[in-house]
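J.: Sequence first, then the predicted structure, then my questions.
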Amino acid sequence: MDGLNTVIIPGINSIEEYLNELEKSCDGFINKRASIRLAKESFSMLQELEEWGINFPKDEKGEYYQGRKGKYHVTMKSPNIKPLLASQVRSKKIQVLQHTMATNLLRHKETVIGCTALDNRLGDFIICRAKSTILAAGGCGRFSLPPSGYLFGTFDCPSNTGDAYSMAYHAGAELTGFEFIYGGYVRTKDYNSPIKDICVSHGGKVVNSLGNEVLPRNQTFLGQRVSEEDMRVDIRKGLDPLFIDIRKVSKENMKSIRELMFTTERGTLKTFFRGRGVDVRKDLIEIAQGDYHLCGGHGGTGIIINEETETTLKGLYAVGDSSWVTRQWLTGAFVFGAIAGKNAAQYASSIKEHEITSDSVEKEKARVFAPLYVHDGLKPAQLEYKLRRIINEYIISPKNKMKLKIALQWVQRFKKNDVQELKASDAHELGRVLEIQSILNCVEMAARASLERTESRWSFLHQRTDFPEKDDENWQKQIIIKKNMKTGKMALAIRRFT
Ligand SMILES: Cc1cc2nc3c(=O)[nH]c(=O)nc-3n(C[C@H](O)[C@H](O)[C@H](O)COP(=O)(O)OP(=O)(O)OC[C@H]3O[C@@H](n4cnc5c(N)ncnc54)[C@H](O)[C@@H]3O)c2cc1C
């Protein structure tokens, strides 16, 4: 987290230019009206964040450091960003329930009227009655198994397990982009953090196992020097492992790299290198392909929203990585968070509260606590490992019909057998079981959508070996996923890009 990836500074960049480039880079798969809103409000959001104490450094001319990682990127140096955001929450006297995970949404007909939650330390079951609800629980970061094999060693936030997607799905909202499976990019080996952009933009190089520099072949959307595809070409040729070489960068650049890499980007990277005996001044840094995940921030997955952050259900809003605004990144989380807050408050003030019926609450309570009554069952980590290994083998690119069908067979088997056998011995493990159920829902959505899209698109993010070409004539379309509330089955619909 070393900047806001999308800021359109008036007089420097134009909204039209941004939109054109975004559309090109996502092969048309964009939420146009929402992306325009994001672009329009991005700069005023940056200014508001500055007022909150978040640091966007400026050069001697008083200009923001812009374009380092791409045309619309503004550098941020705020290792304290989270405490600063938390102090804003405190100053507004917002009640926060710590260690509490939302488990499901509550509905009255087509309207969302709150949610249920679990305190995963105390084991309390909580009912939140709400006139309006905002889903902001990120994407599904624990999706494919990282090459390290460590369940939590993901690129994206490991506490995000697609709970927002799952809750929205079960409430009957529309979702999209589950075949747009983001990731596989080259990251710090075993640690999975971004590294290439920070280093290469400060004079570093990517080199292969022969010691040759990996050079850019084409210019990409964000204007990167050497792209992920360039590195993958060398990996496919067997020229891996690849390395980052920052041994000869200037002192000034090294200072900047350290400031970004060891603070805002990921504080524990320094400890990791120390543990591995890597001195970045003297040694090459090994990099390798990371894991894949689903999200609306870097990726193109999410709950369908309009530019007001309204979902297809009344009283339900979604923002940030939970929502579908392709490549909205951190800027999107801030801009749409603010929009949702205002709209949800306004909506709440205009309606009466609905009564919550006890049967839906009791049903959810039974689901949440069931694993406490399972004896001699499976430990959550055992099933999670199995499930995520299946994702690596059958769901991520290169995909094909046979693999995706096998994935769906596994989904059915896990749902029918293994999930019922999951055992929890405390509140924390109850949370783990719920997370696995969300991941499983996401796997099913990803497999069905990937099967439906009989073409290849978004480079290696959706690559079908049985349909290797991009098919604009038939597939300038998005796949919408929605639960059939009568049958309980997953339904897919196809809609033209708008
Ligand atoms: C390594 C990395 C580097 C990045 N760098 C940049 C960058 O430099 N610039 C940029 O613009 N973007 C960057 N991004 C993207 C950006 O961080 C995300 O787009 C942004 O954080 C999304 O915000 P969010 O609030 O939607 O989700 P998150 O920040 O992921 O927050 C979701 C929260 O929901 C919580 N949660 C999950 N499930 C539940 C549940 N059931 N109940 C309650 N809470 C739940 C999680 O614990 C988490 O705190 C980066 C992302 C990663 C992973």
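T.: Everything's here; your move.
J.: Residues of the stretch 301-450 of the chain that sit close to the ligand?
T.: Neighbours of the ligand within the stretch 301-450 of the chain, by Cβ under 6 Å from any ligand atom: Gly320, Asp321, Ser322, Trp329, Leu330, Thr331, Ala333. C-beta here means a position set from N, CA and C on the backbone, and glycine is covered the same way.
J.: now do 5 Å
T.: Residues of the stretch 301-450 of the chain lying close to the ligand (Cβ under 5 Å from any ligand atom) are Gly320, Asp321, Trp329, Leu330, Ala333.
J.: what does the stretch 51-200 of the chain give?
T.: For the stretch 51-200 of the chain, the residues in contact with the ligand (Cβ under 5 Å from any ligand atom) are Met101, Ala102, Ala137, Gly138, Asp156, Cys157, Ser159, Asn160, Asp163.
J.: Just the ones of those residues in helices?
T.: Asp163 (DSSP state H).
J.: roughly how far is stretch 70-84 from the heart of the chain?
T.: Its chain's C-alpha centre and that of stretch 70-84 lie 18 Å apart, by Cα atoms, centre = their mean, to the nearest Å.
J.: Endpoints of that stretch, how far apart?
T.: Distance between the boundary residues of stretch 70-84 (Cα to Cα, to the nearest Å) amounts to 26 Å.
J.: cool, stretch 207-216 as well?
T.: Using Cα to Cα, one end of stretch 207-216 lies 12 Å from the other.
J.: between the residues of the stretch 51-200 of the chain next to the ligand, which is closest to Phe180?
T.: Asp156 (14.2 Å; Cβ to Cβ).
J.: so the closest one makes contact with Pro146?
T.: No - between Asp156 and Pro146 there is no contact under Cβ atoms under 8 Å: 10.5 Å.
J.: Report pLDDT for Leu215.
T.: Looking at Leu215, its pLDDT stands at 89.
J.: quick one on the thing from earlier: as CSV, the residues of the stretch 51-200 of the chain next to the ligand with pLDDT and neighbour count would be great.
T.: Listed next are these as CSV, based on pLDDT from 0 to 100; neighbours: other Cβ atoms under 10 Å:
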residue, pLDDT, neighbour count
Met101, 98, 21
Ala102, 98, 21
Ala137, 98, 23
Gly138, 98, 24
Asp156, 95, 25
Cys157, 94, 15
Ser159, 96, 15
Asn160, 98, 24
Asp163, 98, 26
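J.: Give the buried residues for stretch 71-83.
T.: Going by neighbour count (16 or more other Cβ atoms under 10 Å), the buried part of stretch 71-83 is Lys71, Tyr72, His73, Val74, Thr75, Met76, Lys77, Ser78, Pro79, Ile81.
J.: residues in contact with the fifth one?
T.: Okay, so that is Thr75. Asp2, Gly3, Phe56, Pro57, Tyr64, Tyr65, Gln66, Arg68 (Cβ atoms under 8 Å, 6 or more residues apart in numbering).
J.: can we see that at 6 Å?
T.: Gly3, Tyr65, Arg68 (Cβ atoms under 6 Å, 6 or more residues apart in numbering).
J.: Kindly report the same for the second one.
T.: Under the criterion of Cβ under 6 Å, 6+ apart, the contact list for Tyr72 reads Thr6, Val7.
J.: Equivalent analysis for the last one, please.
T.: Listed by Cβ under 6 Å, 6+ apart, the contact partners of Ile81 are Ile54.
J.: hey, where'd the strands end up in the stretch 51-200 of the chain?
T.: 74-75, 100-108, 111-119, 125-129, 133-135, 175-176, 182-183, 186-188 (DSSP state E, counting those that start in this stretch).
J.: which helices and strands sit right next to the second one?
T.: Judged by 3 or more Cβ pairs under 6 Å, 6 or more residues apart in numbering; DSSP states H and E, strand 100-108 is in contact with strand 111-119, helix 163-171, helix 358-369.
J.: Can you tell me which of those is most buried?
T.: Of these, the one with the most neighbours on average (mean count of other Cβ atoms under 10 Å) is helix 163-171, at a mean of 26.
J.: So which residues make contact with that one?
T.: 104-105, 107, 112, 135, 137, 303, 313, 322, 438, 441-442, 483.
J.: of all these, which comes closest to the ligand?
T.: Of all the contacts of helix 163-171, the one with the least separation from the ligand (Cβ to the nearest ligand atom) is Ala137, at 3.6 Å.
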